[in-house]
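Colleague: model the following, please.
(one chain, ligands or ions: 1)
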Amino acid sequence: MSKVIMRVNALAKSFSQKGAELRVLNKISMDIHESEFICVIGPSGCGKSTLLKCIGGIQPPSTGTIVLDGMTYEQGIPSQVLRKFGFVFQSNNLLPWRTAEKNLRLMLEVLKVKEFDWEQRMDEMLQIVGLAQYKDVFPHELSGGMRQRVGIARALVHNPEILLMDQPFGALDAITRKMLSYEMLNIWKQTKKTIIMVTNNVEEALLLANRIFVFSPLPGEIVSEIEVDIPLEERGQDIASNKRYIELRTLINQVIRQGHAAEAKRLAT
Ligand SMILES: Nc1ncnc2c1ncn2[C@@H]1O[C@H](COP(=O)(O)OP(=O)(O)OP(=O)(O)O)[C@@H](O)[C@H]1O
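Modeller: Numbering: from 1, shown residues only. Modelled structure (predicted):
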């Protein structure tokens, strides 16, 4: 396996809510290898987004550490580390008064990127997401799926090491969501970026991930780590009939159900 690019060590996170402490994440430890596609799946409200925010330096963990490229960060994040991330959220947050290309350019401006020719880089990224001919178009002139693809191109434009995606297709209709998840697989094959994606969709995780972390209900803990040993060439339109896919889908759904049952029991006692 490729080298470990990120190590999350015994991470925990609590918030203070209405004067009480709410433990959201507990004992999260994971090693992420270069070029892995990791999916994090679990019940609503179990702390998945919070984990991405801690990893991306948007929120500090309460305890525990994150080591990226040998650099440890706990509270806040050094700017040279921040640049190593690209973010894609459920709402694409494109600036409506900027064209697709100018939304990408903003990222390069903010991060003061010097490494590459901006025009060429923006063209390449729009090409990768299949929107080369839409560079001068404004967000309101694009479909929801296309806007999300611009969001993905923008997250990649500064050449981050890790792409953090928080339910990136969650706001899309079912057909567009499926189409975009196949495109995401192609984007990953082309870029070989390390990706950590939060999703609530087991099928999507099985199509894309090489490893899936299943979280328990609040406080989120890793209850299962599943290696998705379905070869890439079998991850096409007919994946739903793949024997291993069906086995893993049953397994993950079982783990999630058990977590729900345990939580219901805990609340009842
Ligand atoms: N800034 C905050 N202050 C206080 N509580 C917070 C804050 N952010 C998140 N929480 C709480 O942490 C818990 C986990 O939220 P989080 O958004 O991480 O869950 P999630 O698993 O991503 O949920 P979903 O799948 O529904 O998006 C929730 O109970 C939420 O209310």
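
Colleague: spell out which residues of this structure are next to the ligand.
Modeller: Listed as neighbours of the ligand in the chain under the rule CB under 6 Å from any ligand atom: 15, 17, 24, 44, 45, 46, 47, 48, 49, 50, 200. (C-beta placed from N, C-alpha, C; glycine too.)

Colleague: quick one: residue 146 and the ligand, what's the gap?
Modeller: Remark: distance between residue 146 and the ligand (CB to the nearest ligand atom, to the nearest Å) = 24 Å.

Colleague: buried set for the lowest-mean-pLDDT helix or strand in the chain?
Modeller: Lowest by mean pLDDT, DSSP states H and E among the helices and strands of the chain is helix 79-82, with a mean of 77. Within helix 79-82, the residues that count as buried by 16 or more other CB atoms under 10 Å are residue 81.

Colleague: now the following helix or strand past it: mean pLDDT?
Modeller: Later in the chain than helix 79-82, the nearest helix or strand by DSSP states H and E is strand 85-88. On average, the pLDDT along strand 85-88 is 92.

Colleague: where does the stretch 101-250 of the chain get nearest to the ligand, residue-wise?
Modeller: residue 200 (5.6 Å; CB to the nearest ligand atom).

Colleague: show the pLDDT at that residue.
Modeller: For residue 200, the pLDDT comes out at 91.

Colleague: in the longest helix seen in the chain, which residues are buried?
Modeller: The longest helix of the chain (DSSP state H) is helix 243-268. Burial within helix 243-268, assessed by neighbour count using 16+ other CB under 10 Å, is assigned to 245, 248, 249, 252, 255, 256, 259.

Colleague: could you do stretch 67-78 as well?
Modeller: Buried residues in stretch 67-78 (16+ other CB under 10 Å): 68, 73, 77.

Colleague: put the alpha carbons of it into PDB.
Modeller: The C-alpha coordinates for stretch 67-78 follow below in PDB (Å, rounded to 0.1, in the frame of the first residue of the first chain):
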ATOM      1  CA  VAL A  67      -0.600  14.600  11.400                       C
ATOM      2  CA  LEU A  68      -0.300  15.500   7.800                       C
ATOM      3  CA  ASP A  69       2.900  15.100   5.900                       C
ATOM      4  CA  GLY A  70       4.800  14.900   9.200                       C
ATOM      5  CA  MET A  71       3.200  18.100  10.500                       C
ATOM      6  CA  THR A  72       1.000  17.900  13.600                       C
ATOM      7  CA  TYR A  73      -1.900  20.300  14.100                       C
ATOM      8  CA  GLU A  74      -4.400  20.400  17.000                       C
ATOM      9  CA  GLN A  75      -5.500  23.900  17.500                       C
ATOM     10  CA  GLY A  76      -5.900  25.900  14.300                       C
ATOM     11  CA  ILE A  77      -4.000  25.000  11.200                       C
ATOM     12  CA  PRO A  78      -0.800  26.500   9.700                       C
END
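
Colleague: pLDDT on it, on average?
Modeller: Rounded mean pLDDT across stretch 67-78 is 77.

Colleague: so which residues make contact with that stretch?
Modeller: 5-7, 9, 56-57, 60-61, 64-66, 80-81, 84, 161-162 (CB atoms under 8 Å, 6 or more residues apart in numbering).

Colleague: what does stretch 101-110 give?
Modeller: 94-95, 98, 113, 118, 121-122, 125-126, 135-136, 139, 150, 153-155, 157-158.

Colleague: what about 7 Å?
Modeller: For stretch 101-110, contacts defined as CB atoms under 7 Å, 6 or more residues apart in numbering pick out 94-95, 98, 118, 122, 125-126, 135-136, 150, 153-154, 157-158.

Colleague: pull the most distant pair out of those residues.
Modeller: 136 and 158 (21.1 Å; CB to CB).

Colleague: these two: who's more crowded?
Modeller: Applying other CB atoms under 10 Å to residue 136 and residue 158 shows that residue 158 carries more neighbours, namely 21 against 10.

Colleague: pretty sure that one is in a strand, no?
Modeller: No - assessed with DSSP: H, G, I helix; E, B strand; the rest coil, residue 158 is coil; it does not lie in a strand.

Colleague: check contacts around it.
Modeller: 83, 107, 108, 111, 113.

Colleague: now list the buried members of those residues.
Modeller: Buried, going by 16+ other CB under 10 Å: 83, 107, 108, 113, out of the contacts of residue 158.
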